[in-house]
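Predicted model, plus sequence, below.
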Amino acid sequence: MLGLARSELAVPTQLALLKKLPPKFSVCLPSSNNLGFTNLLIGPQGHPQDVSKYIQTTSLVVNQFDTGPLFEEGAPSTEYFIDIGRAMGAPKLAPSRFAELQSFVYKPFVRHFLKKAADRRLKRVASVPPFEACFDSKSIGNSITGFAVPTIDLVLQGGVHWTIHGANSMVLAKENVACLAFVDGGTIATMSLFKASVVIGAHQLEENLLVFDLASSKLSFSSSLLLHNATCSLL
């Protein structure tokens, strides 16, 4: 286990202080370790030229309310938040396996995805809990970025787009059944008042290069490296 929170106790912060480096780190989660693991880079860093030109940047938002299961009253959250619009609040990047959306976001999102999937004649099958939107995987084509399904765009502060492709939006839930890897996070009445409306899970982050610059409170990201014939394992 490696702590990467926005905290003085986190490994990147401790190493940056030890080596007198700027508070900045990058991480890239591989979808498998067949080609080896990736590196956690601390401080100023360069990236391969064929990857760095695809990087986009948005602001990190400081949530003044702790959203963790154990929290200190009045202390800001140590999690990482980005802004994708006032209607959704400040989504966070978290170690949850799959993306979790509050019901008021989840329900229209799934309806829209199902409509787009129907337009592509994807064959819907019975749900596989906790996933609602599931399809016969044999009815879905394949692409360099995984299942050929409708893409999902997060429109972030500054107008930049974080595009989620099939490898990150879908999961093979059982044999021949692929499901939309987003789950219903419930309503405000069933959760903490300050919980994020959208939690971006680890599955959605695989093969995406993320650079956290805490000094300038910026997040830089690549969207799927698979689009550019690259992987996190080889960075």
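Perfect, I can see it now.

Okay, buried residues for the lengthiest helix in the chain please.
Taking DSSP state H as the criterion, the chain has its longest helix at helix 103-119. Residues of helix 103-119 classed as buried by neighbour count (16 or more other Cβ atoms under 10 Å): Ser103, Val105, Tyr106, Phe109, Val110, Phe113, Leu114, Ala117. Backbone N, C-alpha and C define where each C-beta goes, glycine included.

between the residues you listed, which is closest to Leu219?
Within the set of the buried residues of helix 103-119, Val105 lies nearest Leu219; the separation is 20.2 Å, counting by Cβ to Cβ.

elements contacting the longest helix of the chain?
Under the contact definition 3 or more Cβ pairs under 8 Å, 6 or more residues apart in numbering; DSSP states H and E, helix 103-119 sits against strand 124-125, strand 182-184.

If we use 10 Å, what do you get?
strand 99-101, strand 124-125, strand 152-155, strand 177-180, strand 182-184, strand 198-200 (3 or more Cβ pairs under 10 Å, 6 or more residues apart in numbering; DSSP states H and E).

Of all those strands, which one comes closest to Thr78?
By Cβ to Cβ (comparing all of the helices and strands packed on helix 103-119), the closest turns out to be strand 198-200, at 14.8 Å.

any weak-confidence spans in this structure?
34-39, 44-50, 66-74, 85-91, 94-95, 188-195, 235 (pLDDT under 70).

Swap in 80 and give it another go.
Counting by pLDDT under 80, the low-confidence segments of the chain come to 1-2, 33-52, 63-76, 85-96, 187-196, 234-235.

first to last residue in stretch 11-27, what's the distance?
End-to-end span of stretch 11-27 (Cα to Cα, to the nearest Å): 12 Å.

List of residues touching it?
Around stretch 11-27, the neighbours that count as contacts under Cβ atoms under 10 Å, 6 or more residues apart in numbering are 2-8, 10, 38-45, 47, 205, 208-216, 218, 220, 232, 235.

Now intersect these with the strands, please.
Applying DSSP state E to the contacts of stretch 11-27, the entries found in strands are Leu41, Ile42, Asn208, Leu209, Leu210, Val211, Phe212, Asp213, Lys218, Ser220.

Centre of the chain to the longest helix of the chain, how far?
Relative to its parent chain, helix 103-119 has a centroid offset of 18 Å by Cα atoms, centre = their mean, to the nearest Å.

just stretch 200-209 next, same as before
Using Cα atoms, centre = their mean, the mean C-alpha position of stretch 200-209 is found 4 Å from that of the whole chain.
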